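Enquirer: Dropping the sequence and predicted coords here.
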Amino acid sequence: MKKLLFITLLLTLVSVSLAAQPTSEAAVKPVILKLSEVHAEGYPTSLADHEFSHLVEEKTQGRVKIEVYTGGTLYGQETAAIEALQVGDLAFARVSASPVASYVPALNAIQMPYLYNNAKHMWAVLNGEVGQKMLADIENSGSGLIGLCYYDAGSRSFYLTKPANKVADLKGLKIRLQNNQMMVRMVELLGATGVTGIGPNDVYSAIAQGVIDGAENNWPTYQNMGDYEAAKYYILDQHTRVPEILLASVEALKKVTQSDMKIIRQCAKDTQEYEIAEWAKKEAASEQIVRAAGNTIINLSSTAFAEFQTKMAPLYNEFGSAYTDIIAQIREIGKQYK
Ligand code: BDP
């Protein structure tokens, strides 16, 4: 009798531990992944990062948790975040497409100066064949990066400590740029000098200390980073429309099952419309703040605007010659978005 009881107990224990193992392990040990973001909490991309994190946790039923680090606290420079993704030290980074082109040069084709007529044109491209193929190309390039989705970042213009009404006024100025050789060449064509290696959270102090004469960015970054308090002239030349990209690491995501990976990809895509809506609100609010602060907003004359375009045109040969078909396709789509 005693023996039978012992065997029954033993069998029960074995079956309980066998049955319990997979579930309890998943419940106790979710895969925890980090996401790096340079912007502060509340910025449209930061809001989207959190939304992505919520969706992933919900849809994977807690198997995958994403911790969002905003304000550049993990990586102050997007280039550093991208390199961390490549080696698997980081799982996700929400970055601008500009620095990504240093690793996947084809990305320059979607951020050439004066490429899009307007935001609608850009979104038709990014959500269409060209943009989606570009995301796939990031993954197929052997860069170790996965392109999950695009976000809006409006258009970029120069901001300076002095006024500029024409290209000649930029002569000799030191202008902070993202880490992208095409952008360095772009300001060189304008007679200025590009300065790279300054993270977006350090631009304000670099201007205030006189290390640089200005930078270039969209309304929200110009305002939210406080740069508008150091460089009071915003020159609306709108040279580029550079989308944001949510990147993932091939290496770090090896920890995630195929089916959860599918969920992650879908969740990222599902945050795009949300970011675009938040972007529109923030862009208007930032413009209002900057104008209310009394900054000088310079609308270029049509001659001056055309001159910016002409001066930057050589970039199409110098950096776009391998992608003439993509650029032609983008132009073709633009005919519907005048
Ligand atoms: C902002 C982008 C951010 C870049 C920053 C920059 O949202 O990802 O890091 O520009 O210029 O518009 O570095």
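Expert: Thanks, I have it.

Enquirer: Now do the same contact list for the residue of the stretch 201-338 of the chain found nearest the ligand.
Expert: Nearest residue of the stretch 201-338 of the chain to the ligand, counting by C-beta to the nearest ligand atom: Thr221, 4.1 Å away. C-beta coordinates here come from the backbone N, C-alpha and C atoms, glycine included. Listed by C-beta atoms under 8 Å, 6 or more residues apart in numbering, the contact partners of Thr221 are 39, 200, 227.

Enquirer: give me the subset of those residues touching the ligand.
Expert: Contacts with the ligand within the contacts of Thr221, counted by C-beta under 6 Å from any ligand atom: Pro200.

Enquirer: Who wins on neighbours among the contacts of Thr221?
Expert: Of all the contacts of Thr221, the highest neighbour tally under other C-beta atoms under 10 Å goes to Asp227, namely 25 neighbours.

Enquirer: what does the chain put close to the ligand?
Expert: Counting by C-beta under 6 Å from any ligand atom, the chain comes close to the ligand at 38, 78, 95-96, 153, 178, 200, 217-218, 221, 244.

Enquirer: Serialize these to JSON lines and add fields for secondary structure and pLDDT.
Expert: Compiled in JSON lines, the residues of the chain next to the ligand are given as follows (DSSP: H, G, I helix; E, B strand; the rest coil; pLDDT from 0 to 100):
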{"residue": "Val38", "secondary structure": "coil", "pLDDT": "98"}
{"residue": "Glu78", "secondary structure": "helix", "pLDDT": "98"}
{"residue": "Val95", "secondary structure": "strand", "pLDDT": "98"}
{"residue": "Ser96", "secondary structure": "strand", "pLDDT": "98"}
{"residue": "Ala153", "secondary structure": "coil", "pLDDT": "98"}
{"residue": "Gln178", "secondary structure": "coil", "pLDDT": "98"}
{"residue": "Pro200", "secondary structure": "helix", "pLDDT": "98"}
{"residue": "Asn217", "secondary structure": "strand", "pLDDT": "99"}
{"residue": "Asn218", "secondary structure": "coil", "pLDDT": "99"}
{"residue": "Thr221", "secondary structure": "helix", "pLDDT": "98"}
{"residue": "Glu244", "secondary structure": "strand", "pLDDT": "98"}
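
Enquirer: With distance to Val211 as added columns, please give those in JSON lines.
Expert: Formatted as JSON lines, those follow (distance: C-beta to C-beta, whole Å):
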{"residue": "Val38", "distance to Val211": "19"}
{"residue": "Glu78", "distance to Val211": "20"}
{"residue": "Val95", "distance to Val211": "23"}
{"residue": "Ser96", "distance to Val211": "21"}
{"residue": "Ala153", "distance to Val211": "24"}
{"residue": "Gln178", "distance to Val211": "16"}
{"residue": "Pro200", "distance to Val211": "15"}
{"residue": "Asn217", "distance to Val211": "17"}
{"residue": "Asn218", "distance to Val211": "22"}
{"residue": "Thr221", "distance to Val211": "18"}
{"residue": "Glu244", "distance to Val211": "26"}
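
Enquirer: ok, the residues you listed vs Ala252, which is closest?
Expert: Distance to Ala252 across these (C-beta to C-beta) is lowest for Val95, with 15.2 Å.

Enquirer: ok now do that closest one, which residues does it touch?
Expert: Neighbour list for Val95: 38, 78, 81-82, 244-245, 247 [criterion: C-beta under 8 Å, 6+ apart].

Enquirer: what do you get for Glu139?
Expert: Applying C-beta under 8 Å, 6+ apart to Glu139 gives the contacts 145-147, 250.

Enquirer: got the CA positions of the helix or strand harbouring it in PDB?
Expert: Taking DSSP states H and E as the criterion, Glu139 maps to helix 129-140. Listed next in PDB are the C-alpha coordinates belonging to helix 129-140 (Å, rounded to 0.1, in the frame of the first residue of the first chain):
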ATOM      1  CA  GLU A 129       6.400  48.900 -54.100                       C
ATOM      2  CA  VAL A 130       9.500  51.100 -54.000                       C
ATOM      3  CA  GLY A 131       9.400  51.800 -50.200                       C
ATOM      4  CA  GLN A 132       8.400  48.200 -49.300                       C
ATOM      5  CA  LYS A 133      11.100  46.800 -51.500                       C
ATOM      6  CA  MET A 134      13.600  49.200 -49.800                       C
ATOM      7  CA  LEU A 135      12.600  47.800 -46.400                       C
ATOM      8  CA  ALA A 136      13.200  44.300 -47.700                       C
ATOM      9  CA  ASP A 137      16.500  45.300 -49.200                       C
ATOM     10  CA  ILE A 138      17.700  46.500 -45.800                       C
ATOM     11  CA  GLU A 139      17.200  42.900 -44.600                       C
ATOM     12  CA  ASN A 140      18.700  41.300 -47.700                       C
END
